[in-house]
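K.L.:
let's see this in three dimensions:
(one chain, ligands or ions: 2)
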Amino acid sequence: MAKSEKAPVDFIRNIIAEDLETNKHNGRVVTRFPPEPNGYLHIGHAKSICLNFGVAGENAGGRCHLRFDDTNPSKEEVEFIESIQKDVHWLGFDWGDHRYYASDYFEQLYDYAVQLIKKGKAYVCSLSGEEIRKYRGTLQAPGKDSPYRDRNIEENLVLFTRMRAGEFADGEHVLRAKIDMASPNINMRDPVIYRILRMHHHQTGDKWCIYPMYDFTHCISDAIEGITHSLCTLEFEDHRPLYDWFLDELETRCHPQQIEFSRLSLEYTVMSKRKLTQLVEEGHVTGWDDPRMPTLVGLRKRGYTAAAIHKFCERIGISKSDSVTELYVLEDCVRQDLDVRAPRAMGVLRPLRVVIENYPAEQVEELTAKCHPNDENMGTRIIPLTQEIYIDRNDFEEVPPPKYKRLSPGKEVRLRYAYVIRCEKVIKDEKTGEIQELRCSYDSGTLGKNPEGRKVKGVIHWVSAHQSATAHVRLYDPLFTVPHPDGEKEADYRTFLNPDSLKLLTDCRVEQSLKHAEPGQHYQFEREGYFYSNPDDAHQENLVFNRVVTLRDSWTKAGGKP
Ligand code: ATP
Ligand code: MG
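P.N.:
Residues are numbered from 1 along each chain as shown. Ligands and ions are numbered 1, 2, ... in the order given. Presented below is the predicted three-dimensional model:
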């Protein structure tokens, strides 16, 4: 089971440690991760996964169930079930034999509902949905009893049986718990626990035309599975009295403990599944796996590693205070991980041709460089130097600002792993004035040492013009232009979509050895960032690299502007 060397500490882990001490749940730790299969998992889910599977893994005999919370057939699809399993595995976790569906319990849930009716704790209500809302009251005003609240047990049992038998139209009746319409907690005002809905279910087919509601289903599913700690996000805090009410009334053998923690929100993205679905369906992104999405498939396709996501979840920790995590935290985690695992290479993203006039035209020097500055095991690579090379357009300024360390007319710069060159001449297109080529000279005495009497500060990357490979590079920037796209009042989050979130560069040049890049390999393109050759692109004619992250956090410094 994937986990860090040192287990993190937080208030939930403290509670669990204490419960183990006092033998509260017979010394067991059983958690569950309960996704609703109505979308792909995102980085927020990863927080919950790392917590639930994490604490289970840290405690001897602990286990974590994967439970599909599939009480809402209208929005659920098998595609989502498969992707969720794949993503949990990708994160390095395994549920073993403990994969469940809430729908596995439909029959038991029905029996529990009947039990509540028999206790006089549930009734069939025939108000319309609209009326139920009206009767519910508000935060300030108490609710009003439904006129059907006093239906007798016999009548309720008959009606509920007939609801199941399909004798009524959708919405004609519901089953409600009989709690307290005057409760200050609106969740306790006779919540609906069953509704009539004729809809095909991916697991149970057309067997059912009544479906249990989430609050009723969740606590009972937890109890059936013998969950000890039911960890959920803060919005369920007000549902906890209801969670406990159902289990107390039903006297289940096991009464799990619900504990809430704050959900992850991340800058420059949205996390609600409704919005993510909208982005996909309206074509703002290419799919759930678009590398700009906060989904795990998207992050994976972009080149994020599972280790980076673990690191991130560990770093943000678990607490009860709501906050928005800054994007640089996530980026920093992937940067740290790739720094260790990514071999170095030179890639010129915006090539500018340089002819080294005094370098012999036929000469090819095979220069050597380490693949990784700190990891000898990665070995060395050969970098051919020829008369014609490419440097990046961004490394040349015709009129340099003060203290400019890169190349400019008459000035010197070092080619990484090679010689010092000087720019002698700038060749431009006669009509457009665009710079087409630089003519340079090199100092043959400067391989690996400074020229005598001159200090050359700048070092730039380059590749041989003929002994290099062409590549396409996708540069990603955040999907939104503001840190809180869904926190801006008055404006739809879609108005903040970043039109420049994806740039495709098609004439990049990379070291020749990358022609044989294994799909799935990460590289650090020196001075540029971390890049990933996605196996999905393996069929493409060109080499394709996704930029995972830049080398430095360049845009927090730019005032948070992507
Ligand atoms: P949405 O409300 O957008 O549909 P959800 O929370 O209902 O999202 P689920 O599939 O029900 O999504 O979530 C499964 C589990 O993941 C739940 O336990 C939920 O609390 C947790 N989870 C979802 N989003 C986050 C988040 N942003 N941070 C932490 N945990 C999350
Ligand atoms: Mg949910």
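K.L.:
CA only for contacts and neighbour counts going forward, please
P.N.:
Fine.
K.L.:
whatever helix or strand residue 549 lives in packs against which elements?
P.N.:
For residue 549, the host element (DSSP states H and E) is strand 543-550. Contacts defined by 3 or more Cα pairs under 8 Å, 6 or more residues apart in numbering; DSSP states H and E place strand 543-550 against helix 296-302, helix 327-341, strand 468-476, strand 529-532.
K.L.:
what residues sit buried inside it?
P.N.:
For strand 543-550, a neighbour-count test (16 or more other Cα atoms under 10 Å) marks 543-550 as buried.
K.L.:
now do stretch 201-210
P.N.:
For stretch 201-210, the neighbour count (16+ other Cα under 10 Å) marks 201, 208-210 as buried.
K.L.:
and if you look at stretch 308-324?
P.N.:
308-314, 317-318.
K.L.:
out of the residues you listed, which touch ligand 1?
P.N.:
Taking Cα under 6 Å from any ligand atom as the test, ligand 1 is in contact with none of the buried residues of stretch 308-324.
K.L.:
rebuild the residues you listed as CSV, extending it with secondary structure.
P.N.:
CSV is the format used below for the buried residues of stretch 308-324 (DSSP: H, G, I helix; E, B strand; the rest coil):
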residue, secondary structure
308, helix
309, helix
310, helix
311, helix
312, helix
313, helix
314, helix
317, coil
318, coil
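K.L.:
mean neighbour count and mean pLDDT added to the helices and strands packed on strand 543-550, as a markdown table?
P.N.:
A markdown table is the format used below for the helices and strands packed on strand 543-550 (neighbours: other Cα atoms under 10 Å; pLDDT from 0 to 100):
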| stretch | mean neighbour count | mean pLDDT |
| --- | --- | --- |
| helix 296-302 | 24 | 98 |
| helix 327-341 | 19 | 97 |
| strand 468-476 | 21 | 97 |
| strand 529-532 | 24 | 98 |
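K.L.:
the ones you listed: which one's closest to ligand 1?
P.N.:
Ligand 1 sits nearest to helix 296-302 of all those, at 12.4 Å, using Cα to the nearest ligand atom.
K.L.:
CA atoms of the closest one as CSV?
P.N.:
This file holds the C-alpha atoms of helix 296-302, laid out as CSV (Å, rounded to 0.1, in the frame of the first residue of the first chain):
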residue,chain,number,x,y,z
LEU,A,296,-6.9,12.7,-12.0
VAL,A,297,-7.1,11.4,-15.6
GLY,A,298,-6.4,15.0,-16.8
LEU,A,299,-3.4,15.4,-14.5
ARG,A,300,-2.1,12.0,-15.4
LYS,A,301,-2.3,12.8,-19.1
ARG,A,302,-0.5,16.0,-18.5
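K.L.:
and it, what other elements does it pack with?
P.N.:
So helix 296-302, by 3+ Cα pairs under 8 Å, 6+ apart, packs with strand 543-550.
K.L.:
just how off-centre is the strand it packs on within its chain?
P.N.:
With Cα atoms, centre = their mean, to the nearest Å as the basis, strand 543-550 stands 17 Å off its chain's centre.
K.L.:
that strand pairs with which strands?
P.N.:
Applying DSSP bridges to the sheet, strand 543-550 is found paired with strand 468-476 (parallel), strand 529-532 (antiparallel).
K.L.:
reformat the ones you listed as a markdown table; add distance to ligand 1.
P.N.:
Putting those into a markdown table (distance: least, Cα to the nearest ligand atom, whole Å) gives the following:
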| stretch | distance to ligand 1 |
| --- | --- |
| strand 468-476 | 22 |
| strand 529-532 | 26 |
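K.L.:
adding distance to residue 81, write the ones you listed out as a markdown table.
P.N.:
As requested, the strands paired with strand 543-550 are exported to a markdown table (distance: least, Cα to Cα, whole Å):
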| stretch | distance to residue 81 |
| --- | --- |
| strand 468-476 | 28 |
| strand 529-532 | 27 |
